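Visitor: Pasting a predicted model and its sequence here:
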Amino acid sequence: MSEPRNAFFMQINRLSQISGYMAALSILAATLIIVEQVVVRYVFKIPTIWQVETAVYLLIAGTFLGAPYGLKENAHIHIDMLIINLPAGVRRKLDLVTSAIAMGFCFFLAYRGGVMWWEAYEGSWRSSSLLSVPLVYPYALIPVGMFLTGLQYVVKGAEMLFPKNRASSGAVKSAGR
């Protein structure tokens with residue numbers, strides 16, 4: 001693999017790393033907000049209006065922004081009951097095919113999420129809650145997260161096709177495969 005391609009893959013890995021940090025911060029913030037809501041509502045008996053919706057949006061951010069990081073770190077769930085006994089070459093080919101399908105699915109979701117985001121932007125859509133949050137912000141998480149996950153699948157596919165360059169691309173080791 002050429003040096004510019006390795007640099008491109010390293011940038012994708014770096015973006016996935018940053019995305020993972022953002023996901024972790026989103027989940028931490030959502031947790032703190034939920035704890036605050038419980039204390040305010042059940043201890044001080046004060047009604048709340050903003051915590052649930054904000055926590056939901058932060059958990060959505062954690063999901064979509066955490067997906068590329070999870071793929072980069074090979075932390076996605078693997079159900080390999082059926083393939084564990086297959087020869088290594090067959091498993092590698094199957095992993096390549098499923099990664100290609102998942103990559104296509106991620107790019108499709110990124111496209112459809114982008115369409116949904118654009119409709120929310122043009123229509124000035126807002127949530128129907130008292131907060132009336134502009135939906136362009138939470139809707140942007142779908143195309144951004146899925147596009148980054150699709151790019152991370154590109155890196156994964158290249159690593160499977162060119163295994164001798166695994167160490168130079170900044171990617172992590174495969175978990176037991």
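Guide: Yes, it's here. Everything quoted here is computed from the prediction, not taken from an experiment.
Visitor: Which stretches in the protein count as helices?
Guide: Assigned by DSSP state H, the chain shows helices spanning 3-38, 51-72, 88-122, 136-161.
Visitor: Low-confidence regions, this structure specifically.
Guide: 1-2, 4, 164-177 (pLDDT under 70).
Visitor: L15 and G150 touch, don't they?
Guide: No - using CB atoms under 8 Å, L15 is not in contact with G150; the gap is 11.8 Å. The C-beta positions use only the backbone N, C-alpha and C, and glycine is treated the same way.
Visitor: Could you export the helices of the chain as TSV, including distance to D80 and mean neighbour count?
Guide: Supplementary listing: those in TSV, determined by distance: least, CB to CB, whole Å; neighbours: other CB atoms under 10 Å:
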stretch	distance to D80	mean neighbour count
helix 3-38	23	16
helix 51-72	16	21
helix 88-122	8	15
helix 136-161	16	20
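Visitor: Format those helices as a markdown table; extra columns: distance to S128.
Guide: Shown next, in a markdown table, are those (distance: least, CB to CB, whole Å):
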| stretch | distance to S128 |
| --- | --- |
| helix 3-38 | 20 |
| helix 51-72 | 10 |
| helix 88-122 | 13 |
| helix 136-161 | 13 |
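Visitor: for those helices, which one sits closest to F44?
Guide: helix 3-38 (10.4 Å; CB to CB).
Visitor: which strands and helices sit next to the closest one?
Guide: For helix 3-38, the elements it packs on are helix 51-72, helix 136-161, judged by 3 or more CB pairs under 8 Å, 6 or more residues apart in numbering; DSSP states H and E.
Visitor: same for the last one, what does it pack against?
Guide: It refers to helix 136-161. If you count contacts as 3+ CB pairs under 8 Å, 6+ apart, helix 136-161 packs onto helix 3-38, helix 51-72, helix 88-122.
Visitor: Turn these into JSON lines, columns for distance to V133.
Guide: Shown next, in JSON lines, are the helices and strands packed on helix 136-161 (distance: least, CB to CB, whole Å):
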{"stretch": "helix 3-38", "distance to V133": "14"}
{"stretch": "helix 51-72", "distance to V133": "7"}
{"stretch": "helix 88-122", "distance to V133": "11"}
